[in-house]
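[1] Just the structure for this:
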Amino acid sequence: MLLWQLFVSYLKIGFFGFGGGYAMLSLIQNEVVVQHQWLTNAQFADIVAISQITPGPIAINSATYVGYTVGLETGYAWCGILGSAIATLAVCLPSLTLMILVARFFLRLKDNRLVEGAMRGMRPVVIGMIAAAALLLIFPHSSEPDEQNFIDAWSWVLFGGVFIGSWRKVNPILLIVLSAAAGILIYHVFGL
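    Just a heads-up that it's a prediction; the model follows:
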């Protein structure tokens, strides 16, 4: 039953998560943290962070991780692997099916005014969904200290530094390495 719920949840995410990984974050968080409580907000934020430094889309990375975690709840290690496979398949299945169908009709519709208008109309929606996902990560639903992503002033300083670096188009890999080094220094070396 648990693996079926996992499949249905990620199938919904795959069907309704338009605009890529960032736009899907609020939908993933709702399914995984709010609805089913498979993860906490802090664990969800960790998934987003890890997804940024590993190859592959956020939705697939989160599906693999959550599927493994949920599968392990059954008490068998092999169910973790099965859960990963089920969630990853479920999140990929809708887009795979849709792309096969769209590819058949793309050449006929690519110059259609209605299709071009629909694409222009979806751009602001995707930007809004990305902004909503960012706000959910910054201000989670819970007020519990363990559920907060920004645990102190240093968290905000690191966030601000990375935001400014991104704005100034600093290499993302350099930002990740510098953030990791700053986090180690601040929280483990100096114990602040």
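[2] which residues does Glu116 contact?
    Residues near Glu116 by CB atoms under 8 Å, 6 or more residues apart in numbering: none. In short, each C-beta sits where N, CA and C put it, glycine included.
[3] Just the buried positions in the helix or strand where it lies, please.
    Assigned by DSSP states H and E, Glu116 belongs to helix 113-138. Buried positions in helix 113-138, judged by neighbour count with 16 or more other CB atoms under 10 Å: 129-130, 133, 136-137.
[4] same thing with stretch 45-53?
    Result for stretch 45-53 [16+ other CB under 10 Å]: buried residues 45, 47-48, 51.
[5] ok, back up a step: buried residues, the next helix or strand after the helix holding Glu116. List them.
    Once helix 113-138 ends, the next helix or strand along the chain (criterion: DSSP H and E) is helix 153-167. Under the neighbour-count criterion of 16+ other CB under 10 Å, helix 153-167 has 158, 162, 165 buried.
[6] now the angle between helix 113-138 and helix 153-167, please.
    Interaxial angle of helix 153-167 relative to helix 113-138 (axes from the mean of the first three to the mean of the last three CA atoms, to 10 degrees): 150 degrees.
[7] For helix 153-167, name the packing helices and strands.
    Judged by 3 or more CB pairs under 8 Å, 6 or more residues apart in numbering; DSSP states H and E, helix 153-167 is in contact with helix 172-184.
[8] Now do the helix it packs on: distance to the chain's middle.
    20 Å (CA atoms, centre = their mean, to the nearest Å).
[9] got a list of contacts for it?
    Against helix 172-184 from outside (CB under 8 Å, 6+ apart): 52-53, 158, 161-162, 165-166.
[10] start to end distance for stretch 181-191?
    14 Å (CA to CA, to the nearest Å).
[11] Only the buried residues of that stretch, if you could.
    Ile186.
[12] Report the mean confidence score over it.
    Model confidence over stretch 181-191 averages 83 on the pLDDT scale.
[13] What of stretch 32-50?
    85.
[14] go on, stretch 6-23?
    Rounded mean pLDDT across stretch 6-23 is 80.
[15] ok now that stretch, how far from the chain's centre?
    Relative to the mean C-alpha coordinate of its chain, stretch 6-23 is positioned 10 Å out (CA atoms, centre = their mean).
[16] What residues of that stretch count as buried?
    Applying 16+ other CB under 10 Å to stretch 6-23 flags 6-7, 9-15, 17, 19, 21-23 as buried.
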